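Peer 1: sequence and predicted model, in that order:
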Amino acid sequence: MSNEYYPMNAAELLDRVFDVYKKSFWKQLAYAAIVGAAGFVAMGFFTMLLGVGIVVSVLMFAPTAVFAGLLAFLFLFIPFILFWQAAISTGSILLSRQAFLGQRVKLPMFQLMRRIGRVTLALLAQVIVAVPYLAIVGGILFLFFWFVDVPYALWMTRVYVTFSIVILLAAIAGFFMYMHIFSLAVAVAVNERVMFFRALHRSFVLVKEDFWRLLGVRVMWWLIVLVLSMATQGVLSLVPMLVGVLAAGSYTFVPMMLGLQLILGIFSVGLSFAMYPLDGIMVSLMYFNQRIKHEGFDIEIAVERMNIPAVGATHAL
């Protein structure tokens, strides 16, 4: 058995994400571009229908129709967003799994179509469990800021403003910590035959033993992605300024800037597509790492490679 399947620490896990991405880069990029472009087109179509419906309703002086149209839009749009996100995540995780296991990286269309539904239900379950937290914390904050009689002089003080900011940041941090319990649900839905709330419970089982360590890894990962994204966008924003300074006064200035903006726009869209798979790869590797650490997943890999039925295996891959 290869010795590459072992419990990874935070640094090794982060390093392995880029290694897996490198091995599956072109397949990940192509899939993200196809699914991403299709999603943007569909969102544009939804938005156009909504806009046309609102204009027609307003011209017909039918405010009730506007409200009904908004409800219908949300009723269709939210499931679409969940399905779109599920499609992106499922493909990314399946490709990540192959790269992680050292297999030939290719998109298994049959597995993809079969598992997108499970992932969609897992995402819906995440939305459902998020609602109670948002309702409770939102209600508390509303009561505090709206009904507590604070004198104007105190309200304008730096202490009160700082306290309010701290409370809001604590509520946001609490939400991310709460949802972190269910952070592996998507990877579970892709790799195991579970869905909906069972996927959330399975995520809880995998996360609970290393809650703080995994939370720290996720925070580090978010910061890395944020820095990379900001640095890239910063460079892209500097290019037009530099070209503008060099080409100022030239008769080709306007067409040159228009062409440059078009190229940068295409590059920016491509960059966003390239960023799509990163979160799926991280979630996938965290899932594999937890199973290797606590459930002997490395042994299952060895058994699978030898084409021997895994006696007593409880989790379908």
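Peer 2: That came through, no problem.

Peer 1: mind listing the helices for the chain?
Peer 2: Along the chain, the stretches classed as helices by DSSP state H are 10-23, 25-59, 63-100, 109-142, 152-155, 158-180, 185-191, 196-208, 211-247, 253-295, 297-305.

Peer 1: out of those helices, which is the most enclosed?
Peer 2: Ranked by mean neighbour count under mean count of other CB atoms under 10 Å, the helices of the chain are led by helix 185-191, which reaches a mean of 29. Bear in mind the C-beta positions are built from the backbone N, C-alpha and C, glycine included.

Peer 1: ok now that helix, how far from the chain's centre?
Peer 2: Chain-centre distance of helix 185-191: 14 Å, with CA atoms, centre = their mean, to the nearest Å.

Peer 1: quick one: residues in contact with that helix.
Peer 2: Residues from elsewhere that reach helix 185-191 (CB atoms under 8 Å, 6 or more residues apart in numbering): 86, 89-90, 93-94, 97, 115, 118-119, 121-123, 125-126, 194-195, 199-200, 202-203, 206, 280, 283-284, 286-287, 315, 317.

Peer 1: kindly recompute the last result at 7 Å.
Peer 2: Here helix 185-191 makes contact (CB atoms under 7 Å, 6 or more residues apart in numbering) with 89-90, 93-94, 115, 118-119, 122-123, 125-126, 194-195, 199-200, 202-203, 283-284, 287, 317.

Peer 1: worst mean pLDDT among the helices of the chain?
Peer 2: Out of those, helix 152-155 stands lowest, with a mean of 55 (criterion: mean pLDDT).

Peer 1: Asp15 and Asn9, how far apart?
Peer 2: 10 Å (CB to CB, to the nearest Å).

Peer 1: roughly how far apart are the residue nearest in space to the middle of the chain and Val17?
Peer 2: Centroid-nearest residue in the chain, with CA atoms, centre = their mean: Asp279, separated by 5.7 Å. Asp279 sits 10 Å away from Val17, taking CB to CB as the criterion.
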